[in-house]
Structure formats: structure tokens, C-alpha cells
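# For reference, the sequence and a predicted model appear below.
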Amino acid sequence: MTTAPLGPSLHEHPDHPEPPPVSRLTIAPPGPVLRPVDGAWWPHSTDLLAELPELLKALPFDWPRITHATVNGSVWCSLPTTMLVEGHVVRLRRTRTARPGPDTVCLVAAGCGRWDLLIIPPDTPEAEAVQAMASMARSGGGRTESGEGRGDVEGVGGMAGAPGPAGTAAERDPGG
């Protein structure tokens with residue numbers, strides 16, 4: 001006697017969509033570090049409309065709601081001026097002039113502060129990107145108050161942190 005399964009196998013889900021990719025994000029540790037960036041983000045693609053919602057979901061729970069995102073760099077596909085993320089509007093902007101240094105995204109929570117993240121290009125080899133993110137996690141990619149230490153995130157060709165004002169990005173300019 002054979003027994004027919006009562007329904008689809010738990011291991012078979014042909015109509016089940018694949019889960020979204022995991023956001024690859026590292027936030028710099030708190031401490032007495034003066035740093036130009038608050039973390040590093042390694043998006044899966046250059047489609048900011050697909051990547052930004054995953055990034056915002058991956059932010060630490062104690063960060064306030066992000067209302068604005070400004071990206072620099074030519075790597076991103078075309079952008080609208082706003083997008084809806086989890087039921088709230090996020091205003092998008094791209095810097096108009098090229099700046100020296102690495103590509104970044106500036107996340108702003110109106111009235112609360114800003115956080116600058118180094119963008120590791122999506123096509124960066126995995127070993128290089130992991131090394132850069134590990135460097136950010138260890139040291140914050142910044143300088144100590146005495147000026148010692150790194151002002152960059154090593155391992156990503158040409159991805160040295162651009163010098164910036166003292167303190168974390170959130171302390172520098174709460175208005176964006």
C-alpha cells in the first residue's frame with residue numbers, strides 16, 4: 001500500500017517568491033572617534049529604488065524614521081524625487097556636482113540628525129567588500145581625537161573616507 005501526500009511537501013514551494021536579499025550594512029561602533037562616515041553599506045545593485053527600502057529596514061531600531069536620502073556618485077540609476085517606504089515618504093536627492101572621495105548616502109531624520117554611510121560599489125568582489133565592512137565595524141573608519149588611526153575604510157580600491165568635520169555625522173548637521 002502506498003500513501004499519497006496530503007498536500008504539497010514542506011520543501012516544495014514553486015510559487016513561493018525568494019526572500020529579498022539581506023542588507024549588507026555595518027554601523028561604526030560608538031566611541032571617542034571623529035569620523036567622516038557612520039557606517040558602510042554594500043548594496044546588491046545600482047537600483048536605489050529597490051535597495052533603499054532594504055537599507056532602511058536594516059538600520060538600528062533606535063534610529064529615528066528617515067525622511068530624506070541624498071546620494072552622491074554616478075553609480076545610481078535615475079531617481080524620482082520621492083518614494084514610499086513602509087508607508088512613509090522618503091525624499092530622494094542626488095548631489096549635482098562630483099565630489100572627491102568615495103560614494104556616500106546621507107540619511108536624514110528631520111529634526112533628529114543625519115547619518116552618512118560609505119557606499120561600497122555593488123560590483124566590488126566579496127572578499128574586498130567584507131574586508132572594508134569589517135574595517136568599519138572594528139574602527140569606524142575614522143580618526144581618534146588625537147588624529148591617530150585611519151580616516152578610511154581599507155580594502156576597497158580608492159574608497160578612502162573623505163575628510164570631514166569633527167564628530168559623527170549626526171552631530172555635525174541635524175538639518176541635512
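Done, it's in. These numbers were taken from a predicted model, which means no experiment stands behind them.
# For the protein, just list every one of the strands.
Remark: strands assigned in the chain by DSSP state E are 25-27, 33-34, 39-41, 68-71, 82-85, 88-94, 104-109, 113-119, 143-144.
# where does this protein dip in pLDDT?
Along the chain, segments meeting pLDDT under 70 span 1-22, 33-34, 73, 140-176.
# which helix in it runs the most residues?
helix 126-139 (DSSP state H).
# buried sites along it?
The neighbour-count check on helix 126-139 (16 or more other Cβ atoms under 10 Å) flags Glu128, Ala129, Val130, Gln131, Ala132, Met133, Ser135, Met136, Ala137, Ser139 as buried. Placement of C-beta: from N, CA and C, glycine included.
# Against Ala50, how distant is the first one?
This points to Glu128. Distance of Glu128 to Ala50, computed by Cβ to Cβ, to the nearest Å: 23 Å.
# One more: Pro125?
From Pro125 to Ala50 the distance is 21 Å (Cβ to Cβ).
# which one of those two has more residues nearby?
Between Pro125 and Ala50, counted using other Cβ atoms under 10 Å, the more crowded position is Ala50 (14 against 11).
# Buried ones in stretch 35-53, by neighbour count?
In stretch 35-53, counting by 16+ other Cβ under 10 Å, buried: 35-43, 46, 48, 51-53.
# and the end-to-end length of it?
For stretch 35-53, the first-to-last residue distance is 25 Å (Cα to Cα, to the nearest Å).
# what sits against Met136?
By Cβ atoms under 8 Å, 6 or more residues apart in numbering, the residues touching Met136 are Thr26, Ala28, Val37, Gly39, Ala40, Leu118, Val153.
# So what's the residue count around Thr124?
Residues lying near Thr124 (other Cβ under 10 Å) number 18.
# shouldn't it be in contact with Trp41?
No - contact criterion Cβ atoms under 8 Å: Thr124 and Trp41 do not qualify, at 11.6 Å.
# between these two, what contacts are shared?
Counting by Cβ under 8 Å, 6+ apart, Thr124 and Trp41 have no contacts in common.
# Closest one to Thr82 out of the buried residues of stretch 35-53, please.
Among the buried residues of stretch 35-53, Leu52 lies closest to Thr82 (Cβ to Cβ), at 11.4 Å.
# quick one: contacts for the closest one?
By Cβ under 8 Å, 6+ apart, the contact set of Leu52 is Ala69, Met83, Val85, Val90, Leu92.
# buried residues in stretch 107-123?
So, applying 16+ other Cβ under 10 Å, buried residues of stretch 107-123: Leu107, Val108, Ala109, Gly113, Arg114, Trp115, Asp116, Leu117, Leu118, Ile119, Ile120, Pro121.
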